[in-house]
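In: Here's a sequence, model it:
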Amino acid sequence: MNVRIFSDKTLLGHAAASQAADLIARAIAEQGRARILVATGESQFQFLDALVKERRIDWRKVEMFHLDEYIGLSVDHSASFRRYLLERLIRRVGIPVYHLLDGETDPVTVTLEVGKALASAPIDVAFAGIGENGHLAFNDPPADFLTEEPYLIVQLDEACRIQQVGEGWFKQLSEVPHRAISISIRQLLKSKAILAIVPDARKAVAVQRCLEGPITPKVPASILRRHPDVTLYLDRSSAGLLKSADVEAHS
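Out: Just a heads-up that it's a prediction; the model follows:
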């Protein structure tokens, strides 16, 4: 795993966006299109803001999927990941082909249909975060490392739900849904390249456990160490507990 550490999350976001643009542009040049997986959440703000300003990407040739979505939440809700992606990416750059996970009415059918589309061809680059409890997408610990299903219906643990309140998406814990649709671990690992964007001190314990502890379903994101092409983007705060955490000189 390639670990890059920056002095702040704005620099982190620009560096990650630059690499993402390179990978997307290369896929379009080589095969005429690019397929991407996109994460949401507060950790992705600076990265996505920089990515939409990249001029090297012909977004008309991009097909987009996303990692997860709450079950039972309206697209109009401020915490909806569909709304997040429409406002922060899709409408800003004009992606013509995208597959949104609608967990509002029939999540079982959505899981099957979007999963079939996702698994139909390789993903060129996936963007991910790491949860405060070490989750990857909405695969909370202990995560299922074995299922081959592209998307799963999962139960959210309390630590994950508390994180959503802490980030300001919900006013109180009782408002946070208990279930979600999530990409599976194995499906995410089938992506050709993965960029994990993980700023902020509140992620420091999870980052340390992912990088310096055992690879285990109890720390779902630790599985990233088994992928051949992962770049982990950290800021000084999220890297603060690592034994070796040198900030890049250009930062």
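In: Can you list the low-confidence ranges for the stretch 151-251 of the chain?
Out: 245-251 (pLDDT under 70).
In: Next up, phi/psi of residue 13, please.
Out: Per-residue torsions, residue 13: phi -60, psi -40 (degrees, to the nearest 10).
In: Surely it touches residue 234?
Out: No. Counting by C-beta atoms under 8 Å, residue 13 sits too far from residue 234 to count as a contact (11.9 Å). Heads up, the C-betas are built off the backbone N, CA and C, glycines and all.
In: Find the residues that touch each one of these two.
Out: residue 199 (C-beta atoms under 8 Å, 6 or more residues apart in numbering).
In: More neighbours: which of these two?
Out: residue 234 (27 against 24; other C-beta atoms under 10 Å).
In: Run a quick neighbour tally on residue 99.
Out: Residue 99, neighbours per other C-beta under 10 Å, totals 15.
In: Is it bridged to anything, and to what?
Out: residue 65 (DSSP bridges).
In: separation between it and residue 26?
Out: Residue 99 is 22 Å from residue 26, where distance means C-beta to C-beta, to the nearest Å.
In: how about the CA coordinates for stretch 137-147, as PDB?
Out: C-alpha atoms of stretch 137-147 as PDB (Å, rounded to 0.1, in the frame of the first residue of the first chain):
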ATOM      1  CA  ALA A 137     -18.200   1.500   2.900                       C
ATOM      2  CA  PHE A 138     -20.900   0.400   5.300                       C
ATOM      3  CA  ASN A 139     -19.200  -2.900   6.100                       C
ATOM      4  CA  ASP A 140     -19.000  -2.500   9.900                       C
ATOM      5  CA  PRO A 141     -17.000  -4.900  12.000                       C
ATOM      6  CA  PRO A 142     -17.000  -7.800  11.800                       C
ATOM      7  CA  ALA A 143     -17.200  -7.500   8.100                       C
ATOM      8  CA  ASP A 144     -18.000 -10.300   5.600                       C
ATOM      9  CA  PHE A 145     -14.700 -10.900   3.700                       C
ATOM     10  CA  LEU A 146     -16.100 -13.900   1.800                       C
ATOM     11  CA  THR A 147     -19.400 -13.000   0.100                       C
END
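In: need the helices for the protein, in chain order.
Out: In the chain, the helices defined using DSSP state H lie at 9-31, 45-51, 81-85, 91-93, 107-119, 158-166, 185-189, 204-212.
In: now what about the fifth one, what contacts it?
Out: In this structure, residues lying in contact with helix 107-119 by C-beta under 8 Å, 6+ apart are 65, 71, 99, 101-103, 149-153, 179, 181, 183, 187.
In: of all those, which comes closest to residue 199?
Out: Proximity of these to residue 199 (C-beta to C-beta) peaks at residue 183, which lies at 21.5 Å.
In: Count the neighbours of that closest one for me.
Out: 31.
In: my read: it touches residue 69, true?
Out: No. Judged on C-beta under 8 Å, residue 183 makes no contact with residue 69 at a distance of 10.2 Å.
In: What's the local residue count around residue 139?
Out: 28.
In: Repeat that for residue 200.
Out: 16.
In: for the one 5 residues further on, same thing?
Out: Other residues near residue 205 come to 15 when the count uses other C-beta under 10 Å.
In: if you look at the contacts of helix 107-119, which of them are in strands?
Out: Here DSSP state E is the test, and these give 65, 99, 151-153, 179, 181, 183 as lying in strands.
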